[in-house]
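# any chance you could fold what I've pasted below:
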Amino acid sequence: MFTENHRGEREFSKKVSCIVSAVITVVIISVAVAIFSLVQVKHGSVKLVTQFGALTGRVLEPGIHLRWPLVNGMVKIPTVIQSYETSDNPRDSNADYTDFPVTAQTVDGQQINVKYTVIFRMPLESVVEVVQNVGPMREVVENIVKAHSRNLTRMIVQGYTAEELYSGDGIFEYQSNVTEQLGAEFENYGIVLDDFLVRKIDFDADYIAAIEQQQIAQEAIETAQYQSEAAEYERDRQITLAEAEKERNILLAEAEAEQVRMAADAEAYSIEVRGVSLRQNPELVQWEFVKNLEGVQWGILPDSGVTPLLPIPEMSK
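Numbering: from 1, shown residues only. Prediction:
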């Protein structure tokens, strides 16, 4: 009897253990299903829902969403601005996608390397279409951004001379032309080009040396021309100063002659006025005669018709 009771307890314990294990398994499975059903979408990106590998057209924006595990897949697409950059050391670049410079040739046969940056983005309204036709972002960069930007950069530069791209305004025109045509190509695929920036164009060392020599020669010509113009200016200045001095001397001579003339006129006028006064007032003649004798110690007078007005003292010597 004791044995039968013990056996019953063991069977009951087994049943309880099985039930507990089943419950735990169900709980674990439920938790796992719940965890795998939750989808988190971070800011700056969206996720496209697939069903057995095919796009459903459903776009999950930033936040928490539910999905069917093992049925629905996710394709993450960044919606913020992306950058594709060419440089000598792509590994040192902080761009999202990097590459080596584009080798091209100008219209006059000069070999150059173009370093540029493409700023682009995939707008939310065209994400499904772009991924459906082109693929995720890496395929977009490889097949659209890289392919078209490198091709247009190489083709359009053939319409410019090396000199226009080296020191003239041609580089700005070149950048504008690439931007316009590249933007049109991107638009065909639903991608937005925000900017195309030519950072640097590297020229052959021999060409740079030739340009520098040309600039030195040009500077020498400009210096000689400046010195010639300066000498000509100094000559003209000296001539102008001489003419001014000559004119000044003429004016001074005329002024002095005018002063002499005016003085003579004044003297003649004074004599004339004096003569008129003496004729009109004869007594002034005698007065002036007396006036002129002031201080005279002796003198000789006519022997007739004149009576001395002042006594002449006897000469002591």
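# which SSE is immediately downstream of the host helix or strand of residue 22?
Following DSSP states H and E, one finds residue 22 within helix 2-37. Later in the chain than helix 2-37, the nearest helix or strand by DSSP H and E is strand 38-41.
# next one: that next one to chain centre, how far?
Distance, stretch centre to chain centre, for strand 38-41: 47 Å (CA atoms, centre = their mean, to the nearest Å).
# next: stretch 171-190.
Using CA atoms, centre = their mean, the offset of stretch 171-190 from its chain centre is 22 Å.
# same deal with stretch 169-189?
21 Å.
# what comes up buried for it?
Residues 170-171, 174-175, 177-179, 181-183, 185-186, 189 are the ones in stretch 169-189 that count as buried (16 or more other CB atoms under 10 Å). (Each C-beta comes from the backbone N, C-alpha and C, glycine too.)
# may I see the residues you listed organised as CSV, with distance to residue 83 and secondary structure added?
Output for the buried residues of stretch 169-189, formatted as CSV (distance: CB to CB, whole Å; DSSP: H, G, I helix; E, B strand; the rest coil):
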residue, distance to residue 83, secondary structure
170, 25, helix
171, 20, helix
174, 20, helix
175, 16, helix
177, 21, helix
178, 16, helix
179, 15, helix
181, 19, helix
182, 14, helix
183, 16, helix
185, 18, helix
186, 14, helix
189, 18, helix
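# got the contact list for residue 61?
Counting by CB atoms under 8 Å, 6 or more residues apart in numbering, residue 61 touches 41, 46, 124.
# ok, now how distant is the first one from residue 61?
Which is residue 41. Per CB to CB, to the nearest Å, residue 41 is found 6 Å from residue 61.
# please apply the same query to the second one.
The spacing between residue 46 and residue 61, counted by CB to CB, is 6 Å.
# residues that sit against both of those two, list them.
Common neighbours of residue 46 and residue 61 (CB under 8 Å, 6+ apart) are residue 124.
# using a markdown table, please lay out the contacts of residue 61 together with distance to residue 269.
What follows is those, written out as a markdown table (distance: CB to CB, whole Å):
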| residue | distance to residue 269 |
| --- | --- |
| 41 | 116 |
| 46 | 113 |
| 124 | 108 |
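# out of these, who's nearest residue 98?
residue 46 (24.4 Å; CB to CB).
# who are the packing partners of the helix or strand hosting that closest one?
For residue 46, the enclosing helix or strand under DSSP H and E is strand 45-51. Other helices and strands packing on strand 45-51, by 3 or more CB pairs under 8 Å, 6 or more residues apart in numbering; DSSP states H and E, are strand 54-60, strand 72-78, helix 127-133.
# make it 10 Å
When contacts are defined as 3 or more CB pairs under 10 Å, 6 or more residues apart in numbering; DSSP states H and E, strand 45-51 sits against strand 38-41, strand 54-60, strand 72-78, helix 127-133.
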